[in-house]
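1. Compute the structure for the input listed below.
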Amino acid sequence: MAKKVVVVGGGWAGSAAALAARKAGCEVELFERADMLLGTGLVGGIMRNNGRFTATEEMLAMGGGDLFTVADENARHKNIEFPGHKHATLYDVALIEPAVRKALEKAGVKLHMHCRIKDIEKDGNRITKVVGEGHHGEPDVTATGDVFVDAAGTAGPQGNCMKYGNGCAMCVYRCPTFGPRFSIAAKAGVPEIMGQKADGTLGAMSGSCKLHKESLSHKITEELNRTGVVVVPIPDHLRKSMESLGQKACQQYALKEFAENVILLDTGHAKLMSAYYPLDILRQIPGFESARFEDPYSGGIGNSMRYLGMLPRDDTLKVEGLDNVFCGGEKAGLLVGHTEAIITGTLAGHNAARAAFGQEPVKLSESLACGDAIAHVRASMQTKEGLAKKYTFSGSVYFERMKEKNLYTTDVAAIQKRVADAGMTEFFAKALG
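-> As a prediction, this is how the structure comes out:
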């Protein structure tokens, strides 16, 4: 009898989990509350910068790099540099979602789009069924499964942005349209964990905005399209203090250069590397006189608040307190970024398949950056100090750890050898049943 994995949440993590479980030999159904996959990936765009290059090549060597290949194939710019970051790839945010959806459909993943999970059924410590909302008079959609993956993210609903941020900024999460996130693990009784900022307040603000490229000066737009990066000095009388950068989820960008300059990246839109920017100040900077925000639409006031609903889990990404639920992406902890979501999602989906086939879930070797990061973040989150930090392959505290442990390299052959030495070459590519 076929084994089934049900994935809740279609961001980078959920999409990766679905692909991994499918490659392992399970039937897979994925529920996404919105009308598009990828979540923050719809407005993200940065891959392979700094230690993310190493982590990406590890996953490719392990046979779990399908989505990285899709991102590379839809890149606007490759091997670019901007302050604090080297060898970055910028994918096109307008093209990436259809490409990912095509990859999932080709793999045989059954997608339930615009279908927000609203309830579960359970038997003891096992979830047995999820119930999705029907729309326009249609009946609810239900799915039973052997194992489940919670990849519903940690942002929203609007009340959290009102309470912990600067209000609903009308961002890509689109809570007013599609409803808030729903954690199946939390519904099953697992207490969620809330991250903190350095000052002890809860949550973290998304780290960048999008400007409508055509609202910028011709000079800026031309340079952005040509090189992928534009750095514009902020006049002294307008310069922000560093304090505003402390709110960012993406602490790898809390650098002096980001306070003294407007830094733009070309992801299709003009990606503004700031959590938010008061519009009346932005328009005083040369070249930005007609600037308009693309996402969030109220990006002059605030941005989405995240890391308000993480789950306790072990290093196989199994959720503590439940026998058949794994988690990926932001649900799995304070790992920031698309690369990080793909890695945790892939491991969660693969281990969900292993559990479905009655096999023991696996940890990634800590001789690999991917495995070390998953284990290190779990351990760090057990402390109050650790809950106030954010971890990413691309900068801040974890990238420093990568370098200290000699895990960071751009030598692809060396990365492949490291994966081989760990016995994990093509690990995710093998069917289990």
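
2. Show me where the stretch 1-150 of the chain has its strands.
-> With strands called from DSSP state E, counting those that start in this stretch, the stretch 1-150 of the chain shows them at 4-8, 27-31, 46-47, 75-82, 85-91, 110-112, 117-123, 126-132, 141-144, 147-150.

3. neighbouring strands for the fifth one, and are they parallel or not?
-> Paired strands of strand 85-91, with direction, are strand 46-47 (antiparallel), strand 75-82 (antiparallel) (DSSP bridges).

4. coming back round to it: may I see the strands of the stretch 1-150 of the chain organised as JSON lines, with mean neighbour count and distance to Thr383 added?
-> C-betas here are computed from N, CA, C, even on glycine. Converted to JSON lines, the strands of the stretch 1-150 of the chain look like this (neighbours: other CB atoms under 10 Å; distance: least, CB to CB, whole Å):
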{"stretch": "strand 4-8", "mean neighbour count": "30", "distance to Thr383": "29"}
{"stretch": "strand 27-31", "mean neighbour count": "25", "distance to Thr383": "34"}
{"stretch": "strand 46-47", "mean neighbour count": "24", "distance to Thr383": "29"}
{"stretch": "strand 75-82", "mean neighbour count": "18", "distance to Thr383": "32"}
{"stretch": "strand 85-91", "mean neighbour count": "21", "distance to Thr383": "28"}
{"stretch": "strand 110-112", "mean neighbour count": "18", "distance to Thr383": "38"}
{"stretch": "strand 117-123", "mean neighbour count": "16", "distance to Thr383": "31"}
{"stretch": "strand 126-132", "mean neighbour count": "19", "distance to Thr383": "30"}
{"stretch": "strand 141-144", "mean neighbour count": "15", "distance to Thr383": "38"}
{"stretch": "strand 147-150", "mean neighbour count": "33", "distance to Thr383": "24"}
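
5. In the sheet, which residues pair with Gly395? Tell me.
-> Gly395 forms beta bridges with Thr392, as assigned by DSSP bridges.

6. Identify the residues contacting Ala352.
-> Contacts for Ala352 (CB atoms under 8 Å, 6 or more residues apart in numbering) come out as Val5, Ala17, Ala21, Cys26, Val147, Phe148, Val149, Phe326.

7. which non-adjacent residue is nearest the fifth one?
-> In space, not counting the residues next to it along the chain, Val147 is nearest to Ala352; the distance is 4.2 Å by CB to CB, 6 or more residues apart in numbering.

8. just the last one next, same as before
-> Once flanking residues are discounted, Phe326 sits nearest to Ala348: 4.1 Å by CB to CB, 6+ apart.

9. re earlier: between the strands of the stretch 1-150 of the chain, which one is closest to Ser298.
-> strand 46-47 (22.6 Å; CB to CB).
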